[in-house]
Each structure stands twice: as structure tokens, then as C-alpha cells.
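Peer 1: One predicted model, sequence on top.
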Amino acid sequence: MKAAPFEYHRPGSVKEAAELLAEYGDDAKILAGGQSLVPMLAMRLTHFENLIDISRVAELQGIDLDGDDVVIGAGTPHAFVGMDDEVAESAPLLTLATPHIGHFQIRTRGTLGGAIAHADPAAEYAAVALALDAQMDAVSARGTRRIAASEFFTGLWETSLAADEILTSVRFPVWGGRTGYAIEEFARRHGDFAIAGAVVAVEVDGDDRVARCGIGLLGLGSTPVRGSAGEEAIVGRPVTELSADEIGRMTMSALEDVPADLQGSASYRRRVGAAMVSRALHSAIAEATSEERTEVTLSA
């Protein structure tokens, strides 16, 4: 099939793009890398009278440090995020997540902002944003605002962005101290959307107690989900007293409305999700404690 007819706009700046959105309102859609939107248009699952292509707006691309945050332009391709040394040093969870996103052709064209704004429940970068308490910078003709990741994802393919707003950058906090990061996901084939998955970030204090933990879940809700129950069960406890399997089951038991589809039932996804949390947590704890070679009896 082919997409229904539309008007194509290529603004040269964020200001111009915001003005076009303000002019056309609900009849317009932002086009970034196009790796999700274009197939949906081609299959006529959605339609917009106006497409506003921001793929060549230079001010939307780039990676910078700003205080305690690493700030990534929304138009920065996945491949650049995955290869960047600053990202690997400041937000390693993004580096680990990038190879799980589709195939290399998709990672070359797709953008970080596009993936997050698309709000697919199985999106890796969205789960990382939740786990790390990222902040989203949005611009419209009315001005700018910052949105916490916890308030950004509102439903299936839906966010709290207003119809006239553009996601311009994402700010990922830089974790310090003894930290560990891991991602585990299960898909039928590499490059497929995850049936279930987890990203985990852990910070351990000098007494080998978990000082901070972030868990983001993939494919386990109508939106990307935070594993709050697992986080609360971990923080403050010595790593030698933790059972990764128990934390995985606890994280899943607190979830509501786990989806069921042709890929698997809700109960199947819960079992797979528990295993993914367990594996990712085990790896993250092991990394956080590896420098001093602390004995970790965390069960896998």
C-alpha cells in the first residue's frame, strides 16, 4: 500500500517547525527518522494532512554535558548515541540499550527523540528514560517546558506532549559512585520488538548497600513501565541479602494490565519479565561491586 496524499514541509529551524505545528494543529505530524511513522502511513494505519520533516534541523542533533546531565538532541540518530564516548561514560545504559533497537539500518536513520516520542511500550530508550529519571525538553510557539519521564508516557503511542509541541532534547542524569547497568530482553528474533524486557541501573554505597536503583520495563504495559515495586524492595538493603529471582517476581506482581497478544499471554509475559528483571539486576549488581571484588551471593 501507499500513504494517503499529504503536504510535505521541511523547516530549517526549530522555530520554523514550531510555527508550522501551531498553524496546522492536529492536521500535522512531526517526521524525524521515519522508522515508525512511515510504515504506519504506508499501511494507512494513520494519516496526517501535513508532515513536518525535522530530520535536517541541525540544532536538534548533538550530545553535550550540562552539569550533572548528559543532554542528547532529539534528532540524534540511535547509531550516534550508541557509539558516543561521552554517552558511554555518563549514561552507559543508553550504550547497552542501543544494539537492541531494530537492525543497524533502523539505528542509522531512527532518532532518540523519535523513539521516545513514539512511546512504544517495547521501546528501549523509553525504558532507559524512566529508569534514569530523564527530563524531556519541549518547544512550541508558546514557549518551552520540561517534562519528567514519569509524566511523559500516557498511553499506547501517546505522550503528554501537546499537539503543537516538539521534543527537542532529553536530559539523562549522570549517576556517580559505584554503579552498574544492564539490559535484558526476550524477542523471537533479534531486531523484533521485545515480548518482555528490563533495563536496570544500580548504585551501591561503601557498605555494599543499594543506595539507588532504577528499573524500566519493556513490553509489559500499554506504555513503557517503571518497576517501582522492585526498586523499593532493593534500596537500602545489602547486596548479599538480595534474591534477584524474588525481586523479579515482586516487580511483576505489582504490574496491572499486562498485555496479551499473539506473542504471548499476560501470564507468559509476567514469567518472562520476572526472568529479565532477575538477569539484569544480577548483572548490574555484579558490575557495581566488581571494582573491589566484593563477594556477591545474589541468586540468578
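Peer 2: On my side now, so go ahead.
Peer 1: hey, which helix or strand in this protein has the poorest pLDDT?
Peer 2: Sorted by mean pLDDT, DSSP states H and E, the helices and strands of the chain end with helix 37-42, the least confident at a mean of 86.
Peer 1: Could you tell me which residues within that one count as buried?
Peer 2: Neighbour-count burial for helix 37-42 flags 37, 40, 41 (criterion: 16 or more other C-beta atoms under 10 Å). All C-beta spots, glycine's among them, are computed from the backbone N, C-alpha and C.
Peer 1: Give the other helices and strands that the host helix or strand of residue 128 contacts.
Peer 2: Counting by DSSP states H and E, the element that carries residue 128 is helix 124-131. Helix 124-131 sits against helix 92-97, helix 112-118, helix 149-152, strand 166-173, strand 196-204, strand 210-218, strand 225-226, with contacts defined as 3 or more C-beta pairs under 8 Å, 6 or more residues apart in numbering; DSSP states H and E.
Peer 1: what mean pLDDT would you report for that helix?
Peer 2: Averaging pLDDT along helix 124-131 yields 97.
Peer 1: next one: stretch 170-180
Peer 2: Here the average pLDDT along stretch 170-180 is 96.
Peer 1: which other residues reach that stretch?
Peer 2: With contacts defined as C-beta atoms under 8 Å, 6 or more residues apart in numbering, stretch 170-180 is touched by 65-66, 68-72, 74, 90-91, 94, 112-113, 116, 128-129, 132-137, 146, 201-205, 211-212, 283-292.
Peer 1: Make a PyMOL selection of the buried ones in those residues.
Peer 2: Command for PyMOL, covering only those of the contacts of stretch 170-180 found buried under the criterion 16+ other C-beta under 10 Å:
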select buried, resi 69+70+71+72+74+90+91+94+112+113+116+128+129+132+133+134+135+136+137+201+202+203+204+211+212+283+284+285+286+287+288+289
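Peer 1: got the buried residues for stretch 54-67?
Peer 2: Buried, per 16+ other C-beta under 10 Å, within stretch 54-67: 54, 55, 57, 60, 61, 63.
Peer 1: what would the residues you listed look like in CSV with secondary structure, distance to residue 9 and pLDDT?
Peer 2: Formatted as CSV, those follow (DSSP: H, G, I helix; E, B strand; the rest coil; distance: C-beta to C-beta, whole Å; pLDDT from 0 to 100):
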residue, secondary structure, distance to residue 9, pLDDT
54, coil, 10, 96
55, coil, 12, 93
57, coil, 12, 97
60, helix, 15, 97
61, coil, 19, 97
63, strand, 27, 98
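Peer 1: Now do the phi/psi pair for residue 25.
Peer 2: Phi and psi for residue 25, reported as degrees, to the nearest 10, are phi 60, psi -130.
Peer 1: quick one: contacts for it?
Peer 2: Contact analysis of residue 25 by C-beta under 8 Å, 6+ apart lists 163, 164.
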